[in-house]
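Peer 1: Have a look; sequence and predicted model below, questions after that.
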Amino acid sequence: MADTYDYDLFVIGAGSGGVRASRVAAAHGARVAVAEEYRVGGTCVIRGCVPKKLLVYGSHFAEELQDARHYGWSVSGMEFDWPHLRDTVLRDVDRLEGAYKTTLSNNKVDSFLERAEITGPHAVRLASGKTVTAGTILVATGAWPVMPAFEGNEHCITSNEVFHLETLPRRVVIAGAGYIAMEFAGIFNALGCHVTVVNRSDTVLRGYDETLRDRLLQITMARGIEYKFNRKLQQVTREADGSLLVHTEGLDPLAADIVLVATGRRPKIDGLGLEAAGVTIGDRGEIVVDAENRTNVPSIYAVGDVTDRVQLTPVAIREGQAFADRVFGRMDVPHVDYHCIPSAVFSQPPLAAVGYTEGQARNQFGDVKVYTSDFRPMKNVFAERAERGLYKLVVDAGTDKILGIHMIGPDAPEILQAAAIAVRAGLTKADFDATVALHPSMAEELVLMR
Ligand code: NDP
């Protein structure tokens, strides 16, 4: 293989999955190149998880500062400077991109900062015109925000642009009520913007446990977020003063300074040359792969969001690692396990979950027991905040195994990661009961539910 092609592995897309596969394959001795048309790091690092989490932290100070007086602090002259937060976050993104580039070069991976298109089972053509050959090609191009077709959608932004806003908008309309919508609704609301969430259904965060979603809805409505359900955006017009008017069926137009469309993300396959190479594409535009991430073309693999299985960074990383270990490390690695993947929504308050929801468990196992703890976190009581946390354990009545954990409340994602180990390991409710509580904490609720 070494002599036949320019590289052993050519990776298209330097995001989480692509970078992991590149550096691990190189560490196994493969000659690796990666092409990236935008910035090294991909969605998560450049315009997703990382800058979003920093904005969540930044906006959360509003609550902390408000509550501070209960703890004896007098905070005067509170002011928020959006350009400062934006630019600091973007600088951190630059720093991380630099770290990713260093990782690639330290591992002797050649980087082509340009677009690549597949021209055959072992060949890619770079935007500069150069053709490169490789024994194996890995597609790790991720996903791209969907912009539904409606008049005036050119006035709207997606999560790609939201990190670069020149000024903090006064009025924000968000289309969709999934991950991105609920996270940015929380950020903008905390920063003092008026937020309206418009969704096509009457649901937020489809797929999460119903009781938690209701709790999030109650809390966020009390915080001032408005919801318009069962509505789709029909038209967005720009007014003479630069503001926007959002038209939806049956409602008076909503005035907005920005309209953020967050209605899902689709695999990014346009212009990749996949059809010409004979790679099978599924109904959702995803690259169809087997359990080892191989497409129907034996020399072409794909990992991460472009396969549209689970659109989460740690899953792409696992797939990239397993691919490189199997194909270039010649290791007998187990298939990536998609069961029991913990997830979180960094809404305010955040929500986190692992395993079966109550509804799913009832359908699958029939007899389930549900334990809940509906509590007011100590720090909320002290700060005279009415907001309550809610934890829920879903247990198989026959085996006593924990089938799912669902949580909403401060720091829920931090707590859930550790609890997810127990669910994956098949621990029982009796194991939770036998564990001594760590007091005082919110996490102790997990072992005190009776
Ligand atoms: P989601 O799939 O989470 O939510 C999409 C929302 O848009 C839903 O409310 C859905 O309605 C609505 N919708 C879907 N299609 C249309 C349409 N054609 N017209 C109008 N509304 C529509 O998508 P996001 O864009 O928020 O996020 C994309 C993915 O990114 C997520 O699935 C997740 O995997 C990942 N992500 C993960 C994060 C995390 O882990 N914390 C953070 C951000 C993103 P309905 O209510 O009917 O379903």
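Peer 2: Cool, got the structure. Numbering: from 1, shown residues only.
Peer 1: Against the ligand, how distant is Y391?
Peer 2: 19 Å (Cβ to the nearest ligand atom, to the nearest Å). (Glycine included, C-beta is placed from N, CA and C.)
Peer 1: Ignore what I typed, I meant E292.
Peer 2: Computed with Cβ to the nearest ligand atom, the distance linking E292 and the ligand is 22 Å.
Peer 1: I figured that residue hits E319, correct?
Peer 2: No. Proximity of E292 to E319 does not meet the contact threshold set by Cβ atoms under 8 Å, at 9.5 Å.
Peer 1: Of those two, give the one with the bigger neighbour count.
Peer 2: E319 (29 against 14; other Cβ atoms under 10 Å).
Peer 1: Tell me if stretch 339-355 is near the ligand.
Peer 2: Yes. With Cβ under 6 Å from any ligand atom as the threshold, stretch 339-355 lies in contact with the ligand, specifically through S343, A344, V345, F346.
Peer 1: May I see the buried residues of that stretch?
Peer 2: Within stretch 339-355, the residues scored as buried using 16 or more other Cβ atoms under 10 Å are 340-355.
Peer 1: and the two most separated of those residues?
Peer 2: When Cβ to Cβ is used, the two most widely separated members of the buried residues of stretch 339-355 are C340 and Q348, lying 26.2 Å apart.
Peer 1: quick one: which helix or strand includes N189?
Peer 2: For N189, the element it lies in under DSSP states H and E is helix 179-190.
Peer 1: Just checking, which helix or strand succeeds that helix along the chain?
Peer 2: Per DSSP H and E, helix 179-190 leads on to strand 194-198 as the next helix or strand towards the C-terminus.
Peer 1: Tell me which other helices or strands that next one touches.
Peer 2: Judged by 3 or more Cβ pairs under 8 Å, 6 or more residues apart in numbering; DSSP states H and E, strand 194-198 is in contact with strand 171-175, helix 179-190, strand 226-228, strand 254-256.
Peer 1: hmm, try it at 6 Å
Peer 2: Other helices and strands packing on strand 194-198, by 3 or more Cβ pairs under 6 Å, 6 or more residues apart in numbering; DSSP states H and E, are strand 171-175, helix 179-190, strand 226-228.
Peer 1: Show me how far that strand is from its chain's centre.
Peer 2: In terms of Cα atoms, centre = their mean, to the nearest Å, the centre of strand 194-198 is set 20 Å apart from its chain centre.
Peer 1: is any part of that strand close to the ligand?
Peer 2: No. Using Cβ under 6 Å from any ligand atom, strand 194-198 stays clear of the ligand, coming no nearer than 8.7 Å.
Peer 1: ok and the very next helix or strand once past that strand relative to strand 194-198, angle-wise?
Peer 2: In the C-terminal direction, the helix or strand that comes right after strand 194-198 (DSSP H and E) is helix 210-222. Counting by axes from the mean of the first three to the mean of the last three Cα atoms, to 10 degrees, helix 210-222 points 140 degrees away from the direction of strand 194-198.
Peer 1: then helix 210-222 to CSV, C-alphas only?
Peer 2: Taking C-alpha atoms only, helix 210-222 is exported to CSV below (Å, rounded to 0.1, in the frame of the first residue of the first chain):
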residue,chain,number,x,y,z
GLU,A,210,-41.8,14.9,29.1
THR,A,211,-41.8,15.9,32.7
LEU,A,212,-38.4,17.6,32.3
ARG,A,213,-39.4,19.4,29.2
ASP,A,214,-42.5,20.7,31.0
ARG,A,215,-40.3,21.9,33.8
LEU,A,216,-38.0,23.7,31.4
LEU,A,217,-40.9,25.3,29.7
GLN,A,218,-42.4,26.5,33.0
ILE,A,219,-39.1,28.0,34.2
THR,A,220,-38.1,29.6,31.0
MET,A,221,-41.6,31.2,30.6
ALA,A,222,-41.3,32.6,34.1
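Peer 1: The residue lying closest to G273 once chain neighbours are set aside is in what secondary structure piece?
Peer 2: Distances taken as Cβ to Cβ, 6 or more residues apart in numbering place I118 nearest to G273, at 3.9 Å, with adjacent residues excluded. Secondary structure here is read from DSSP H and E; on that basis I118 sits in strand 116-120.
Peer 1: List the buried residues in that strand.
Peer 2: Residues A116, E117, I118, G120 are the ones in strand 116-120 that count as buried (16+ other Cβ under 10 Å).
Peer 1: Turn the helices and strands packed on strand 194-198 into CSV, columns for mean neighbour count and mean pLDDT.
Peer 2: Output for those, formatted as CSV (neighbours: other Cβ atoms under 10 Å; pLDDT from 0 to 100):
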stretch, mean neighbour count, mean pLDDT
strand 171-175, 25, 98
helix 179-190, 24, 98
strand 226-228, 17, 98
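Peer 1: Columns distance to A21 on top of those, output as CSV?
Peer 2: Supplementary listing: the helices and strands packed on strand 194-198 in CSV, determined by distance: least, Cβ to Cβ, whole Å:
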stretch, distance to A21
strand 171-175, 34
helix 179-190, 25
strand 226-228, 41
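Peer 1: which stretch among these comes nearest D8?
Peer 2: helix 179-190 (36.2 Å).
Peer 1: Mind checking if the closest one is in reach of the ligand?
Peer 2: Yes. Judged by Cβ under 6 Å from any ligand atom, helix 179-190 comes into contact with the ligand through Y179, I180, A181, E183.
Peer 1: And the nearest residue to the last one once chain neighbours are set aside, its phi and psi?
Peer 2: The shortest distance from E183 to any residue other than its chain neighbours is 5.1 Å, reached at F346 (Cβ to Cβ, 6+ apart). Backbone dihedrals for F346, given as degrees, to the nearest 10, come out at phi -90, psi 50.
Peer 1: and F346, how far is that from A190?
Peer 2: 12 Å (Cβ to Cβ, to the nearest Å).
Peer 1: Surely D374 is within a strand?
Peer 2: Yes. Assessed with DSSP: H, G, I helix; E, B strand; the rest coil, D374 lies in a strand.
Peer 1: How about the contacts made by it?
Peer 2: Under the criterion of Cβ atoms under 6 Å, 6 or more residues apart in numbering, the neighbours of D374 are R388, L390.
Peer 1: Against T248, how distant is it?
Peer 2: With distances taken as Cβ to Cβ, D374 is found 34 Å from T248.
Peer 1: since we're on whichever residue of the chain sits closest to the ligand, how many residues are nearby?
Peer 2: With distances taken as Cβ to the nearest ligand atom, the chain approaches the ligand most closely at G178, which sits 1.9 Å away. For G178, the number of neighbouring residues by other Cβ under 10 Å comes to 19.
Peer 1: pLDDT score for it?
Peer 2: Per-residue confidence (pLDDT) for G178: 98.
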